[in-house]
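1. make a model of this:
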Amino acid sequence: MEKVHTGDAGFEEVSDGVYLADLATGREASVKYWRIDPGATLPVHEHDNEQIGYMLEGTLVAIADGEEVRLEPGDCYHFRSRERHGAENRSSDPAVGIGVLAPPRERPDWGNG
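-> Residues are numbered from 1 along each chain as shown. Down below sits the predicted model:
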(Lines give C-alpha, C1' and ligand atoms only; values in the text may rest on other atoms or scores of the structure.)
Protein backbone atom coordinates (compact mmCIF):
# COMPACT_ATOMS: atom_id res chain seq x y z
CA MET A 1 0.00 0.00 0.00
CA GLU A 2 1.12 3.51 -0.78
CA LYS A 3 0.04 6.45 1.38
CA VAL A 4 0.59 10.12 0.54
CA HIS A 5 -0.78 13.03 2.57
CA THR A 6 -1.62 16.25 0.73
CA GLY A 7 0.67 18.09 3.15
CA ASP A 8 3.60 16.01 1.89
CA ALA A 9 2.81 16.39 -1.80
CA GLY A 10 5.31 18.62 -3.57
CA PHE A 11 3.58 21.16 -5.78
CA GLU A 12 5.21 21.99 -9.11
CA GLU A 13 4.27 25.18 -10.95
CA VAL A 14 3.19 24.02 -14.41
CA SER A 15 1.87 27.39 -15.63
CA ASP A 16 1.80 30.84 -14.04
CA GLY A 17 -0.08 30.39 -10.76
CA VAL A 18 -1.11 26.79 -11.56
CA TYR A 19 0.35 24.03 -9.38
CA LEU A 20 0.14 20.23 -9.58
CA ALA A 21 1.30 17.49 -7.23
CA ASP A 22 1.15 13.73 -7.61
CA LEU A 23 -0.62 11.95 -4.77
CA ALA A 24 -0.74 8.37 -6.02
CA THR A 25 -0.14 6.68 -9.35
CA GLY A 26 -1.21 3.21 -10.32
CA ARG A 27 -1.17 1.27 -13.55
CA GLU A 28 -4.66 2.42 -14.58
CA ALA A 29 -5.12 5.87 -12.98
CA SER A 30 -3.36 8.71 -11.18
CA VAL A 31 -4.50 11.16 -8.52
CA LYS A 32 -3.39 14.79 -8.78
CA TYR A 33 -3.66 17.50 -6.14
CA TRP A 34 -3.94 20.93 -7.71
CA ARG A 35 -4.06 24.62 -6.79
CA ILE A 36 -4.89 27.59 -9.01
CA ASP A 37 -3.99 30.96 -7.53
CA PRO A 38 -6.26 34.03 -7.73
CA GLY A 39 -6.19 35.52 -11.22
CA ALA A 40 -4.42 32.48 -12.74
CA THR A 41 -5.60 30.57 -15.79
CA LEU A 42 -5.22 26.89 -16.57
CA PRO A 43 -4.68 26.99 -20.33
CA VAL A 44 -7.33 25.35 -22.52
CA HIS A 45 -6.01 21.95 -23.55
CA GLU A 46 -7.03 18.39 -24.30
CA HIS A 47 -5.58 14.97 -23.59
CA ASP A 48 -6.38 11.32 -24.11
CA ASN A 49 -7.01 10.82 -20.39
CA GLU A 50 -10.49 10.84 -18.90
CA GLN A 51 -10.47 13.28 -15.96
CA ILE A 52 -12.73 13.32 -12.91
CA GLY A 53 -12.22 15.79 -10.09
CA TYR A 54 -13.50 17.26 -6.86
CA MET A 55 -13.34 20.86 -5.61
CA LEU A 56 -12.00 21.22 -2.06
CA GLU A 57 -11.57 24.98 -1.61
CA GLY A 58 -12.27 28.24 -3.43
CA THR A 59 -14.18 28.79 -6.65
CA LEU A 60 -13.20 28.24 -10.24
CA VAL A 61 -14.71 28.84 -13.64
CA ALA A 62 -14.21 25.73 -15.77
CA ILE A 63 -14.24 26.20 -19.52
CA ALA A 64 -15.25 23.12 -21.50
CA ASP A 65 -15.86 23.24 -25.23
CA GLY A 66 -16.41 27.01 -24.92
CA GLU A 67 -18.99 26.76 -22.11
CA GLU A 68 -18.29 28.26 -18.67
CA VAL A 69 -19.29 26.37 -15.51
CA ARG A 70 -18.76 27.69 -11.96
CA LEU A 71 -17.22 25.13 -9.59
CA GLU A 72 -17.39 25.46 -5.79
CA PRO A 73 -16.33 23.27 -2.84
CA GLY A 74 -18.24 20.00 -2.94
CA ASP A 75 -18.66 20.04 -6.73
CA CYS A 76 -17.46 17.07 -8.75
CA TYR A 77 -16.58 17.41 -12.45
CA HIS A 78 -15.82 15.16 -15.41
CA PHE A 79 -13.94 15.86 -18.64
CA ARG A 80 -14.18 13.22 -21.35
CA SER A 81 -11.10 12.05 -23.22
CA ARG A 82 -10.11 14.69 -25.84
CA GLU A 83 -12.62 17.25 -24.46
CA ARG A 84 -11.06 20.72 -24.70
CA HIS A 85 -11.04 22.29 -21.24
CA GLY A 86 -9.33 24.85 -19.01
CA ALA A 87 -10.15 26.97 -15.98
CA GLU A 88 -9.85 30.48 -14.57
CA ASN A 89 -9.69 31.55 -10.95
CA ARG A 90 -11.59 34.84 -10.98
CA SER A 91 -11.80 35.02 -7.18
CA SER A 92 -9.45 36.44 -4.55
CA ASP A 93 -8.76 33.03 -2.96
CA PRO A 94 -6.86 29.99 -4.22
CA ALA A 95 -8.89 27.16 -5.74
CA VAL A 96 -7.82 23.70 -4.60
CA GLY A 97 -8.96 20.27 -5.72
CA ILE A 98 -8.22 16.66 -6.53
CA GLY A 99 -8.20 15.16 -10.01
CA VAL A 100 -8.15 11.53 -11.11
CA LEU A 101 -6.84 10.76 -14.58
CA ALA A 102 -7.21 7.45 -16.38
CA PRO A 103 -4.92 6.27 -17.74
CA PRO A 104 -2.27 7.91 -15.52
CA ARG A 105 -0.97 11.21 -16.83
CA GLU A 106 2.58 12.45 -16.79
CA ARG A 107 3.54 16.11 -16.47
CA PRO A 108 1.40 18.31 -18.72
CA ASP A 109 3.01 19.48 -21.94
CA TRP A 110 1.73 23.06 -21.61
CA GLY A 111 2.66 25.96 -19.41
CA ASN A 112 5.88 27.61 -18.36
CA GLY A 113 7.29 25.11 -15.85
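2. now do the strands in this structure.
-> For the chain, the strands defined by DSSP state E cover 12-15, 18-25, 30-36, 41-45, 50-57, 60-64, 67-71, 76-79, 85-88, 95-102.
3. which among those is found nearest to residue 1?
-> For residue 1, the closest of those is strand 18-25, at 9.9 Å, according to C-beta to C-beta. For glycine as for every other residue, the C-beta is placed from the backbone atoms N, C-alpha and C.
4. and the closest one, what does it pack onto?
-> strand 12-15, strand 30-36 (3 or more C-beta pairs under 8 Å, 6 or more residues apart in numbering; DSSP states H and E).
5. what pairs with the first one, parallel or antiparallel?
-> Listed by DSSP bridges, the sheet partners of strand 12-15 and their directions read strand 18-25 (antiparallel).
6. now the partner strand: buried residues?
-> For strand 18-25, a neighbour-count test (16 or more other C-beta atoms under 10 Å) marks 18, 19, 20, 21, 22, 23, 24, 25 as buried.
7. quick one: which of the strands of the chain is nearest residue 5?
-> Comparing these by C-beta to C-beta, strand 18-25 comes nearest, at 8.7 Å.
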